[in-house]
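Colleague: structure for the following, please:
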Amino acid sequence: MINPYVTSGPVTGADFYGRQDLLGEIAAGRCHGTYILGTRQVGKTSLLRQVETQVPAIFLDLQWAGGRLEDLVRQVKREVRRKQRNRPWLPREEDLPAGDLFDLLAALDEQADGAGERLWVLMDEAEIWVRIARADPQVLHRLRGTVQNCPALRVVLAAAKRLSEVNTLTGETGSPFLSGFAMRYLGPLSQQDGASLLRQEQGPTPVAVDDGLLAHLLSLTSGHPLLLQLLGERLYEDGRLRWPTEGDLVGILDQMVKTGIFPHDFAALANPERAILHALSSGQPPPAGTDPAYLHGLTALGILRHEGDGYAIGNDFFARWLREQADWEAKSEVSAEGTLAVYTQAEPEMALTGTKEHAVRLRRTLVARFDKSELCTLCFEMGIESENLPGETREVLARELVAYCVRHGQIPKLVEVGRRLRPDISWEDVHEEIKTL
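Modeller: Model (predicted):
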């Protein structure tokens, strides 16, 4: 039998598991610019390729271009030529302008807008913009201008946290570059989606996995998609998964190290983040005075996970690497300032100092106790047009509603209306935690 697990290259179609909320939000196109923030090999390229199957899009690999704008121009033209047969409203290559990348994108915007269409520009390995900006910071302003002034374009950047450094390159010549983008985390798969992947429920032939083994593998990986695929590949025998040996676990750890995944992720941690990981690796709690934004961001990325009332390292493989191999004295490739800016922007409802965890608790209450129709009713009773909030699913709508209320000082009203509509919920407990918002 053919081993069904995919451990190299992006996955799409039936091989793509989870991420439906994020896919729906991107495909809805309400955000003109989106930054997908994720660690290495967590599925950023796969997400963009899956988006490409759902909407009119051109895919640009910035790493392949090597930071050369002229190579990006060639990629755009190649993509337009490739997609034109299925999207006849796209211009023919000979009709495209001879200018630079931004002239080209403006022409595509005009063509799409004239046809009543939208065009998604998917930029993979977008941290390469840091290299470009070091040579010419104005390039970033032109890119953000494209996002803001081209109504038919939807620009999606997929990158690791190194992209945060572009803010330090543009801050003195205007507002930070990433302030023009909606920030979204790409973290581990949910337990349900991770289980579906291990059992290959979307494939032609499901894989048998005992419940105890399934729970064990999900615990080892905390839903990291590549680790799940690697385990599946190693443990697959005659249509089912066997229990892993110590040799299996060591072999997977070696793969994560030799391919540079764990060292790469570690290098992209700011010094305060490393202090958190060092403490947890030593059996201690996070250092006193740790900004909650670090804890929230690291957890959303899957580098940490909740454990009881505290935190633990995100998965057993990374925890073992930190204990045995991490160079805690190595220089970080990102700044604490840039990291905090990204984490704050990635979750709008977390923006107010001292109230971050409380706002998250309120969002979780809405997700757990309201269905989407009830959330729309809640918006209506508050005088908020739910259609103007991004959110094809209950989870996204709840997040955006809390973010809106934080920005407009309407958290007390949200609790008041929520109490009236759903008196069965203990709003007093929620209100005590968030009344300072």
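Colleague: only C-alpha atoms from now on, for both contacts and neighbour counts.
Modeller: Will do.
Colleague: help me confirm that residue 297 is found in a helix?
Modeller: Yes. Judged by DSSP: H, G, I helix; E, B strand; the rest coil, residue 297 forms part of a helix.
Colleague: check contacts around it.
Modeller: Going by Cα atoms under 8 Å, 6 or more residues apart in numbering, residue 297 touches residue 343.
Colleague: what's the domain layout of the protein?
Modeller: Using automatic domain parsing, the domain parsing of the chain gives 19-185, 261-346, 349-434.
Colleague: for these, which one sits closest to residue 197?
Modeller: The closest of the domains of the chain to residue 197 is domain 19-185. By Cα to Cα, the value is 12.3 Å.
Colleague: mean confidence score for the closest one?
Modeller: For domain 19-185, mean pLDDT rounds to 90.
Colleague: coming back round to it: now distance to residue 6 too, for the domains of the chain, in a markdown table please.
Modeller: A markdown table is the format used below for those (distance: least, Cα to Cα, whole Å):
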| stretch | distance to residue 6 |
| --- | --- |
| domain 19-185 | 12 |
| domain 261-346 | 17 |
| domain 349-434 | 28 |
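Colleague: with respect to residue 207, which of the ones you listed lies nearest?
Modeller: Nearest of the domains of the chain to residue 207, taken as Cα to Cα: domain 19-185 at 21.3 Å.
Colleague: and residue 217, what helix or strand is that in?
Modeller: helix 211-221 (DSSP states H and E).
Colleague: how near is residue 274 to residue 223?
Modeller: Here the criterion is Cα to Cα, to the nearest Å. By it, residue 274 lies 22 Å from residue 223.
Colleague: for residue 29, which non-adjacent residue is spatially closest?
Modeller: residue 154 (6.6 Å; Cα to Cα, 6 or more residues apart in numbering).
Colleague: ok but the one you found is inside a helix, no?
Modeller: No. Using three-state DSSP, the assignment for residue 154 is strand, not a helix.
Colleague: what number of residues lie near it?
Modeller: 24 (other Cα atoms under 10 Å).
Colleague: that one touches residue 113, doesn't it?
Modeller: No. In this structure, residue 154 is not within contact of residue 113 by Cα atoms under 8 Å, at 11.8 Å.
Colleague: re the thing from before, looking at the domains of the chain, which is closest to residue 192?
Modeller: With Cα to Cα, the closest approach to residue 192 among those belongs to domain 19-185: 11.4 Å.
Colleague: and the helix holding residue 217, what does it pack onto?
Modeller: The contact analysis (3 or more Cα pairs under 8 Å, 6 or more residues apart in numbering; DSSP states H and E) places helix 211-221 against helix 191-198, helix 225-235, helix 316-324.
Colleague: only alpha carbons, please: show the second one as PDB.
Modeller: Okay, so that is helix 225-235. Extracted in PDB, the C-alpha atoms of helix 225-235 (Å, rounded to 0.1, in the frame of the first residue of the first chain):
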ATOM      1  CA  PRO A 225       1.400  19.600  10.800                       C
ATOM      2  CA  LEU A 226       4.900  18.600   9.600                       C
ATOM      3  CA  LEU A 227       5.500  16.600  12.800                       C
ATOM      4  CA  LEU A 228       2.200  14.800  12.200                       C
ATOM      5  CA  GLN A 229       3.200  14.000   8.600                       C
ATOM      6  CA  LEU A 230       6.600  12.800   9.600                       C
ATOM      7  CA  LEU A 231       5.200  10.500  12.300                       C
ATOM      8  CA  GLY A 232       2.600   9.200   9.900                       C
ATOM      9  CA  GLU A 233       5.200   8.500   7.300                       C
ATOM     10  CA  ARG A 234       7.400   6.600   9.800                       C
ATOM     11  CA  LEU A 235       4.700   4.700  11.600                       C
END
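Colleague: whichever helix or strand comes after that helix: how far from the chain's middle?
Modeller: Next helix or strand after helix 225-235 toward the C-terminus (DSSP H and E): strand 236-237. Centroid separation for strand 236-237 versus its chain: 31 Å, with Cα atoms, centre = their mean, to the nearest Å.
Colleague: can you pull the contacts of the residue nearest to residue 29?
Modeller: 29, 31-33, 118-121, 147.
Colleague: restricted to strands, list those residues.
Modeller: 33, 119-121 (DSSP state E).
Colleague: of all those, which two lie farthest apart?
Modeller: 33 and 119 (12.0 Å).
Colleague: thinking again about what came up before, possible to save the helices and strands packed on helix 211-221 as CSV with distance to residue 371?
Modeller: What follows is the helices and strands packed on helix 211-221, written out as CSV (distance: least, Cα to Cα, whole Å):
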stretch, distance to residue 371
helix 191-198, 19
helix 225-235, 28
helix 316-324, 35
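Colleague: between the ones you listed, which one is closest to residue 267.
Modeller: So among these, helix 316-324 is nearest, using Cα to Cα, at 12.1 Å.
Colleague: who's in contact with that closest one?
Modeller: 220-221, 249, 253, 262, 278, 281, 313.
Colleague: as a quick check, tell me the outermost residue of the protein.
Modeller: Of all residues in the chain, residue 94 has its C-alpha farthest from the mean position, at 36.4 Å, by Cα atoms, centre = their mean.
Colleague: about what we covered before: in PyMOL, how would I select the buried members of the contacts of residue 154?
Modeller: Command for PyMOL that selects the buried part of the contacts of residue 154, burial taken from 16 or more other Cα atoms under 10 Å:
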select buried, resi 29+31+32+33+118+119+120+121+147
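Colleague: ok, residue 101 to residue 33 distance?
Modeller: For residue 101, the distance to residue 33 - Cα to Cα - is 17 Å.
Colleague: actually residue 264, sorry about that
Modeller: 26 Å.
Colleague: try residue 1
Modeller: 44 Å.
Colleague: same question for residue 303.
Modeller: Counting by Cα to Cα, the gap from residue 303 to residue 33 is 25 Å.
Colleague: equivalent analysis for residue 150, please.
Modeller: For residue 150 relative to residue 33 (Cα to Cα), the value is 11 Å.
Colleague: same check, this time on residue 246
Modeller: Taken as Cα to Cα, the span from residue 246 to residue 33 is 45 Å.
Colleague: do residue 313 as well
Modeller: 31 Å.
Colleague: what does stretch 18-33 rub up against?
Modeller: Taking Cα under 8 Å, 6+ apart as the rule, stretch 18-33 contacts 34, 47, 50-51, 54-55, 147-148, 151, 153-157, 180-182, 189-190, 193, 390-393, 395-396.
Colleague: model confidence at residue 420, what's the number?
Modeller: Reported pLDDT for residue 420: 84.
Colleague: now do the contacts for it.
Modeller: Residue 420 touches nothing, counting by Cα under 8 Å, 6+ apart.
Colleague: that one belongs to a helix?
Modeller: Yes. Under three-state DSSP, residue 420 sits within a helix.
Colleague: quick one: the strands in the stretch 1-150 of the chain?
Modeller: 33-37, 57-61, 119-124 (DSSP state E, counting those that start in this stretch).
Colleague: what helices or strands is the longest one leaning on?
Modeller: Helices and strands touching strand 119-124, by 3+ Cα pairs under 8 Å, 6+ apart, are helix 44-52, strand 57-61, helix 62-65, helix 101-114, strand 153-159.
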